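K.L.:
Here is my input; please provide its structure:
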Amino acid sequence: MTTKAGYVSIVGKPNAGKSTLINAILGTKLSIVTPKPQTTRKNILGIISSETSQVIFVDTPGFIKPRYELQKSMVNNIIESIQGTDLILILFDVSDRDNIDFFLSSELIEIIKVQKKPAFLLINKIDLLKNVKDVLPLIAEFSKSNLFKEIFPISALKKANIEDLLKSIEKYLTDSPFLFETDIISTQNDRFFASEIIRERVFMSYGDELPYSTEILINEFKEREKGKWYISADIIIERESQKKIIIGTKGEKIKAVGEIARQNIEQFIQHPVYLELFVKVRPKWRDNKSVLKSLGY
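P.N.:
Next up is the predicted model:
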């Protein structure tokens, strides 16, 4: 039996719905999702296997004009993903429908043109339209550019047209043996997902700006034969003044963050966990290359 396999990058602006899409495709929560833009910072591999095909999806950070070293690293991750991919899925938020020309002339589209890789345009969030037929003029407008092999109106949140999308993706895969075992859905380990779950809770629990100054570092991840697994993690911040905000009055804020994060980690790894959180100050860590390297950027 001939099998197919390949890499598919998911790219787009912040909050276009990339992480929601990969979660919808895999049928499980692999990428963290929050209302705040730039939630995803690192490429995340998600793998879906059928009898005849295996697709390795790469969920990438939202594409922005970088202002500091962390964002430069995020943009480099996107470019590397595009370079090593067989197919590119470009998400366009239907809420931006008045900015099609700006989108088509964006730096992201220019990068994709240079790579000369096949690309699909996914017009996402069609559930927000009053009438689904309102998407037809957008399809017609994008078709004029001749940049996209196929154009799909989808709703990642409602999982609309996801099955049709997967069928079309399979056509662009090359004949190949499977690249990973069929029973895994990601190459990332539990340690990585624990840090992402904690970071998601930080993003959801604090104000608009503070989460962008935070990072999570797992110091210890001990899997025990008996009893709870032990996880120790640092919430890294940039300024001493942020410490009180993270911890809260009498430690109540960080305790609440830790409690929900612990529950979510337990649900993900299917094992009870003892989670300890600490707060560490690393001045201007987002612009410090050596610190970024130690954090996996």
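K.L.:
For the longest helix along the chain, name the packing helices and strands.
P.N.:
Counting by DSSP state H, the longest helix found in the chain is helix 252-269. Counting contacts by 3 or more CB pairs under 8 Å, 6 or more residues apart in numbering; DSSP states H and E, helix 252-269 is packed against helix 190-205, strand 229-237, helix 241-247, strand 273-281. All C-beta atoms are positioned from the backbone trio N, CA, C, and that covers glycine.
K.L.:
mind putting these in CSV, mean neighbour count included?
P.N.:
Shown next, in CSV, are these (neighbours: other CB atoms under 10 Å):
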stretch, mean neighbour count
helix 190-205, 21
strand 229-237, 20
helix 241-247, 15
strand 273-281, 16
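K.L.:
Of all these, which one is nearest residue 123?
P.N.:
Each of the helices and strands packed on helix 252-269 has some distance to residue 123 by CB to CB; the shortest is helix 190-205, at 26.3 Å.
K.L.:
Taking strand 229-237 as reference, get the angle to that closest one.
P.N.:
Relative orientation of helix 190-205 and strand 229-237, computed by axes from the mean of the first three to the mean of the last three CA atoms, to 10 degrees: 50 degrees.
K.L.:
Can you name every helix or strand that helix 190-205 contacts?
P.N.:
Secondary-structure packing of helix 190-205 (3+ CB pairs under 8 Å, 6+ apart): strand 215-222, strand 229-237, helix 252-269.
K.L.:
Need the winner for burial among the ones you listed.
P.N.:
Comparing these by mean neighbour count (mean count of other CB atoms under 10 Å), strand 229-237 comes out on top with a mean of 20.
K.L.:
just checking, what packs against that strand?
P.N.:
Strand 229-237 sits against helix 190-205, strand 215-222, helix 241-247, helix 252-269, strand 273-281, with contacts defined as 3+ CB pairs under 8 Å, 6+ apart.
K.L.:
on that earlier part again, distance to residue 57 and mean pLDDT added to the helices and strands packed on helix 252-269, as a markdown table?
P.N.:
Putting those into a markdown table (distance: least, CB to CB, whole Å; pLDDT from 0 to 100) gives the following:
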| stretch | distance to residue 57 | mean pLDDT |
| --- | --- | --- |
| helix 190-205 | 16 | 95 |
| strand 229-237 | 27 | 97 |
| helix 241-247 | 33 | 95 |
| strand 273-281 | 27 | 97 |
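K.L.:
Compare those and give me the one nearest residue 75.
P.N.:
In terms of CB to CB, the element of these nearest to residue 75 is helix 190-205, at 19.3 Å.
K.L.:
Contacts for the closest one, please.
P.N.:
31-34, 36, 39, 186, 211, 214-218, 221, 231, 233, 235, 246, 253, 256-257, 260-261, 264-265, 268-269, 275, 277 (CB atoms under 8 Å, 6 or more residues apart in numbering).
K.L.:
again, only using 7 Å
P.N.:
Contacts with helix 190-205, where a contact means CB atoms under 7 Å, 6 or more residues apart in numbering, come from 32, 34, 36, 39, 211, 214, 216, 218, 221, 231, 233, 235, 257, 260-261, 264-265, 268-269.
K.L.:
Then stretch 155-175?
P.N.:
Applying CB under 7 Å, 6+ apart, the contact partners of stretch 155-175 are 2, 4-6, 8, 17, 20-21, 24-25, 53, 55, 86-87, 118, 124-127, 150, 152-154.
K.L.:
again, only this time at 8 Å
P.N.:
Looking at stretch 155-175 with CB under 8 Å, 6+ apart, the contacting residues turn out to be 2-6, 8, 17, 20-21, 23-25, 48, 52-53, 55, 86-87, 89, 118, 120, 122, 124-127, 149-150, 152-154.
K.L.:
centre of the chain versus that stretch, how much separation?
P.N.:
18 Å (CA atoms, centre = their mean, to the nearest Å).
K.L.:
what does stretch 71-87 give?
P.N.:
In terms of CA atoms, centre = their mean, the centre of stretch 71-87 is found 13 Å from the chain centre.
K.L.:
again with stretch 161-177
P.N.:
What separates the centre of stretch 161-177 from the centre of its chain is 20 Å, taken as CA atoms, centre = their mean.
K.L.:
before we move on, what about stretch 279-286?
P.N.:
Stretch 279-286 sits 23 Å away from the centroid of its parent chain (CA atoms, centre = their mean).
K.L.:
Check for me that residue 2 belongs to a helix.
P.N.:
No - under DSSP: H, G, I helix; E, B strand; the rest coil, residue 2 sits outside any helix and is assigned coil.
K.L.:
State the distance from it to residue 261.
P.N.:
Distance of residue 2 to residue 261, computed by CB to CB, to the nearest Å: 44 Å.
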